[in-house]
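> mind looking at a prediction? Sequence and model below.
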Amino acid sequence: SYGAAVLLAEDTGNAKIRGDVEGWLNSWVNGSNGVQITSGGLRFISQWGSLRYAANTAMLAGVYADSVTDPNGAYSQLATDTIDYILGDNPRNSSYLVGYGDNSPQQPHHRAASGVGWDGFRNGLPNENILYGALVGGPSQANDFAYADVRSDYIANEVAIDYNSGFTGALAFAAQRSAGF
């Protein structure tokens, strides 16, 4: 719904819609209205795919910053800080993107990537096939260390299109910012 609201704010400039979107984004910037901020800077609202929510919000913050307003750079900063966190600038010094960085997830919850049947599901070994670029769910609590790279922990290690879609958009925003566009 906030994706639609961002587009409406952009297209109409309506003060009420802008107020709603900015109130929502400000809660992500400041950690209010149900958004918690970990000591490492992760914005957290749900245990199930916590990075999905952070990445999708980061993408919308970037769109809003580019097209409507970016008060003191807060929305741009939210977007780039979220990308940095996901890629490894966090207390675990670990990327949550499969195949990226020195300490990326080895056991995302994905049947084809695992290369095992039920008999090997909990074997603790890395997946046989690397699912390059897949964003795992992330910490299951508002705690930077509430993540274990364990295939059977589908809450923290699930991968899905809606996890990567927002991440990809936010990554594009962060890349354009770092390139000075």
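In hand now; what should we look at?
> just checking, what packs against the helix or strand of the chain with the lowest mean pLDDT?
Using mean pLDDT, DSSP states H and E, helix 111-114 stands out as the lowest-scoring helix or strand of the chain, at a mean of 90. Contact analysis of helix 111-114 by 3 or more CB pairs under 8 Å, 6 or more residues apart in numbering; DSSP states H and E lists no helix or strand as a packing neighbour. For glycine as for every other residue, the C-beta is placed from the backbone atoms N, C-alpha and C.
> buried residues in it, which are they?
Using 16 or more other CB atoms under 10 Å as the test for burial, helix 111-114 gives A113, S114.
> CA atoms only for the helix or strand following it, dumped as PDB, please.
Note on helix 111-114: by DSSP states H and E, the next helix or strand toward the C-terminus is helix 154-157. This file holds the C-alpha atoms of helix 154-157, laid out as PDB (Å, rounded to 0.1, in the frame of the first residue of the first chain):
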ATOM      1  CA  TYR A 154      13.000 -21.000   7.000                       C
ATOM      2  CA  ILE A 155      11.900 -17.900   8.900                       C
ATOM      3  CA  ALA A 156      15.400 -16.500   8.700                       C
ATOM      4  CA  ASN A 157      16.700 -18.200   5.600                       C
END
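> now stretch 141-152, how far from the centre of its chain.
Relative to its parent chain, stretch 141-152 has a centroid offset of 14 Å by CA atoms, centre = their mean, to the nearest Å.
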